[in-house]
Structure formats: C-alpha cells, structure tokens
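1. Quick one: sequence and predicted model below, then my questions.
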Amino acid sequence: MDTNPDTTLDTAAATRAILAGLCASLVGIGLARFAYTPLIPPLIEAHWFAARDVVFLGAANLLGYLAGALAGRPLAARIGARRTLQAMMALASLAFFACAVPLSVAWFFGWRFLSGLAGGIIMVLAALTILPRLPAERRGAAGGAIFLGLGLGIAASGTVVPLLLNEGLAATWAGLGALSLLLTLASWRWWPHGPASASVAAGGKAPARAAFALKLVYGQYALQAVGLVPMMVFLVDYVARGLHMGTHTAALFWIVYGIGATAGPMLYGIAGERMGIGNATRLTLALQIGAAAALVLAHHVAILVAATFVIGTYPPGIVPLTLGRIRHTLPQDVPAQGAAWSRATTVFALFQALAGYAYSWLFAATGGDHRYPMLVGAAAFALALVADLLLARAAWQPARHAGAMPVAATGGERGTTSS
C-alpha cells in the first residue's frame, strides 16, 4: 500500500530515492541535452544534416525543455509523479535510439523535442518528489546529489561521447540510449511510493508577503540563465580560435568545465547548508563574475583553467540553491513550492533559449569577438547579485514589521536568517 508522501523515508529508501533523482537528471538533462554539443561537428562532417539544420535541431531540445517545464505538474496531477518520472526517463532513452536513424530533419527534430520535453518534466518533478520526504538536515546535500546528473552529463560529453564516436554516429546514439535505458531500469523501483502528485502537482499559491520575494527569485534565475549561456556556448571556440590554443587544448578545457560541473551541485548544496542559501548564492555569483573577467582578461593558462573550473560549477550548481531558496521562501507549503519551482524552471528555460539566439546575433554583429557575449554574461551575473541583495532586504522587512521571525528566503536548511 502507498505510504503518506509526507512521511520521512528511512535511510535506505532515502538513499535509493536520491539515486533515482540523480539517474533522472543524468538521463533527461545531463545526457539528453549536453551530449549533443560534441556531436555537432560529426553530424555535419558525416553529412547527416546541413550545418544550418544541425543548429536548428540543437534548439529543438531547448524548446522541448520549455514545454516540459509547463507540462510537468499537470501530467503528474493526472498519473502521479512517480509514474511520470519513470515514463520520462523511458522517453528520453527511446529518443536516443530514434536519433540513431536519421530519417529526416522533421524526424530528428521531433525526437530531440521529446527528449527536451522529458528533461523539463524531470527538472520540475524530481527534486520535489524526493526532498520533502527527507530529514531537513539532509536536504541541501541531497539536492546537490540529485542534480549531480547534470554535471555528470557535461563531463560525459567531453569524455564518453568522443570514445563512442570511434564506433560511428549511429553507434554513439545507440550507446547513449543503452546507457540511459540501463539507468532507467536500475532506478525504476527506487522512486518513493505514494500519491506524490499531492506534493508536486496540486495547485499552490504563495502568501502575499512571499510573492515579491518569489518574483525576485524568478528574475534572478532568468539573469543567471542569461549569464551562463555564453560560457557554455562559446568556451570551446574561444579557447580554440579566440586564444589561438587549438582544438585539442580546447577539448581539454571542456573536460575541465565538465569536472567543475560534476563538483558544482554537491559543493553548492553543502555551501547552502553550511552558510545559508543567501550567503552561498552571493558567494557563487561573485565567483562567477570574477571567473568571467579572468577568462576575458587573463592569458596565463593556470588562471584560465581555474576560471573554467569555477564557471563549470555554475550551470548545475545553481539549481539546488534556487530550489532551496524557493523552499525556504515557502516553508511547510509543499504545493506552493511545486508551483513556484515549475514557474522558475519555465522562466529559466525561456530566457536560456532567448539568450542563445541573442548571443548568436551579438557574436555575428561584433565580427566573431567572443569577449562581448562573455562580458554581457558577466553583467547579467552582476545584476543577479544586485537582485539577490534586494531579495534579502525584501525577505527581512515584511517579517520584521510584523514582529515575527523573518521569512527564511535567504537562510539555510538550518533555519538561519543569513541574508
């Protein structure tokens, strides 16, 4: 019989649930999105598609991700979060096998869209299916572990995919499908039982005093999406052509980026626990601004490698921090947390897609100068830092005026008020 979704899982069940979340983020986002990047040149060289079509197909996953962010909660309300997550992992795995057969651009676009759809739904549902059923002191590190899959996917894009390419493009897609299917089957029974849709799919509305703080969270998350895109998109080309280091060295930099991405979720999750969400968020934003500046201005290889590692930690690392901020802005209100996280994911997906096209235009308009997109990205991080300072102030004042403890929008899992 299904257990109450609000009941805390025992240690063994909690560990299995966290591993299921990690597998889901690895399959649905880590591999489904990031493994495509190193496949772009081979797709063109093998004449599977024209260069313009390959770029167009890359956007299909982002469009699907946006659709998934919108569809996740309604789908979970209909069939339950557990079944939805299992189905989306299976769909993402099937998409890899389908992409091994390039029947047409429309066929490939459709399956890339579906893989993005699966990733968006997984992002919305996975963490909030698991975290509410863990002890409070474990949620920061657990959130980092769940989203570790994003970092592992980035790392795999620089290591596993090149090895698979030795066997050909079709074998590479099939190999990714086999790996995803293996992870899907292994984690199939690890998801918590119970009507999880009650916690992630039911409608929830934020209290009035938290509404403004949430708007700032959404705005900040949008700015973070704008800030991280140029580093993800242009890093390899910047090192290879902008710094004249060649494609081999650029590939090594992408591996460093992947190592940073693997470390990011756990580092940020633990930092949120130890320092408080607000302090950890501001520290990581400051580090990103410094790393972006170093990447543009520095010429020493050691500094560039260190900056690349720091930048790599951010795309997957910021996810547990943002989710933690939402959870602390809406304490004890899991349905409202689910609604807010779905909106945040949608905002992030939308601005990431818009930023991708905007940066492509800026890159072309400046004659292929990588520095301009990177400087705009650093400026977006700076604005996000300002928004964070406003968030801390907004979260404190209403509660102070009400004569109560401040809303924990910027505190850590320890219930602190570190703003």
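-> Sure, I can see it.

2. Run the chain-centre distance for the helix or strand containing residue 127.
-> Assigned by DSSP states H and E, residue 127 belongs to helix 105-130. Centroid separation for helix 105-130 versus its chain: 12 Å, with CA atoms, centre = their mean, to the nearest Å.

3. Then stretch 275-289?
-> That offset, for stretch 275-289, works out to 17 Å (CA atoms, centre = their mean).

4. pull the CA atoms of it into PDB?
-> The C-alpha trace of stretch 275-289 is given here as PDB (Å, rounded to 0.1, in the frame of the first residue of the first chain):
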ATOM      1  CA  MET A 275      26.500  29.200   5.000                       C
ATOM      2  CA  GLY A 276      22.800  29.700   4.400                       C
ATOM      3  CA  ILE A 277      21.200  29.900   0.900                       C
ATOM      4  CA  GLY A 278      21.600  33.700   0.600                       C
ATOM      5  CA  ASN A 279      25.300  33.700   1.500                       C
ATOM      6  CA  ALA A 280      26.100  30.800  -0.700                       C
ATOM      7  CA  THR A 281      24.200  32.400  -3.700                       C
ATOM      8  CA  ARG A 282      26.000  35.700  -3.300                       C
ATOM      9  CA  LEU A 283      29.400  34.000  -3.000                       C
ATOM     10  CA  THR A 284      28.900  31.900  -6.100                       C
ATOM     11  CA  LEU A 285      27.700  34.900  -8.100                       C
ATOM     12  CA  ALA A 286      30.800  36.900  -7.100                       C
ATOM     13  CA  LEU A 287      33.000  33.900  -8.100                       C
ATOM     14  CA  GLN A 288      31.300  33.800 -11.500                       C
ATOM     15  CA  ILE A 289      31.800  37.500 -12.100                       C
END
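
5. Pull out the buried residues from it.
-> Buried residues in stretch 275-289, counted by 16 or more other CB atoms under 10 Å: 275-282, 284-285, 287-289. Any C-beta I mention is one placed from the backbone N, CA and C, and that applies to glycine too.

6. What distance do you get for the residue nearest to the spatial centre of the chain to residue 155?
-> Among the residues of the chain, residue 316 comes closest to the average C-alpha position under CA atoms, centre = their mean, at 4.7 Å. In this view, residue 316 and residue 155 are 10 Å apart by CB to CB, to the nearest Å.

7. now swap in residue 39 and tell me
-> Taken as CB to CB, the span from residue 39 to residue 155 is 16 Å.

8. and the closest residue to residue 286 other than its chain neighbours, what is it in contact with?
-> Leaving aside its sequence neighbours, residue 286 sits nearest to residue 385 (CB to CB, 6 or more residues apart in numbering; 6.7 Å). Neighbouring residues of residue 385 by CB atoms under 8 Å, 6 or more residues apart in numbering: 282, 285-286, 289.

9. now with 10 Å?
-> Counting by CB atoms under 10 Å, 6 or more residues apart in numbering, residue 385 touches 220, 223, 281-282, 284-286, 288-289.

10. picking up where we left off before, need the contact list for the residue nearest to the centre of the chain.
-> Residue 316 makes contact with 25, 29-30, 34, 144, 147-154, 260-266, 268 under the criterion CB under 10 Å, 6+ apart.

11. Low-confidence stretches in the stretch 1-150 of the chain?
-> Scanning the stretch 1-150 of the chain for pLDDT under 70 picks out 1-7, 51-52, 55, 137, 140.

12. Could you pull out the helices in it for me?
-> 11-25, 32-34, 40-45, 51-79, 81-99, 105-130, 139-146, 148-165 (DSSP state H, counting those that start in this stretch).

13. Now tell me what touches the shortest one from outside.
-> The list of residues contacting helix 32-34 from outside it, by CB under 10 Å, 6+ apart, reads 26, 58, 61-62, 64-65, 88-89, 91-93, 95-96, 112, 114-119, 122, 150-158, 161, 176, 180, 232, 258, 261, 315-316.

14. let's go with 7 Å and repeat that
-> In this structure, residues lying in contact with helix 32-34 by CB atoms under 7 Å, 6 or more residues apart in numbering are 61, 92, 95, 115, 118-119, 153-154, 157.

15. Next: stretch 360-376.
-> For stretch 360-376, contacts defined as CB under 7 Å, 6+ apart pick out 230-231, 234, 237-238, 242, 292, 295-296, 359.

16. Please pick the buried ones from those residues.
-> Judged by 16+ other CB under 10 Å, buried ones among these: 230-231, 234, 238, 242, 292, 295-296, 359.

17. so what does the strand or helix carrying residue 273 touch, helix or strand wise?
-> Using DSSP H and E, residue 273 falls within helix 246-275. When contacts are defined as 3 or more CB pairs under 7 Å, 6 or more residues apart in numbering; DSSP states H and E, helix 246-275 sits against helix 139-146, helix 148-165, helix 208-237, helix 277-297, helix 301-329.

18. and it, which residues are buried?
-> Buried-residue list, helix 246-275, by 16+ other CB under 10 Å: 250-273, 275.

19. returning to that earlier point: and of the helices of the stretch 1-150 of the chain, who's closest to residue 391?
-> Closest to residue 391 of the helices of the stretch 1-150 of the chain, according to CB to CB: helix 139-146, at 18.5 Å.

20. what angle do the closest one and helix 301-329 make?
-> Interaxial angle of helix 139-146 relative to helix 301-329 (axes from the mean of the first three to the mean of the last three CA atoms, to 10 degrees): 120 degrees.

21. And helix 139-146, how far out from the chain middle?
-> On CA atoms, centre = their mean, the centre of helix 139-146 falls 13 Å from that of its chain.
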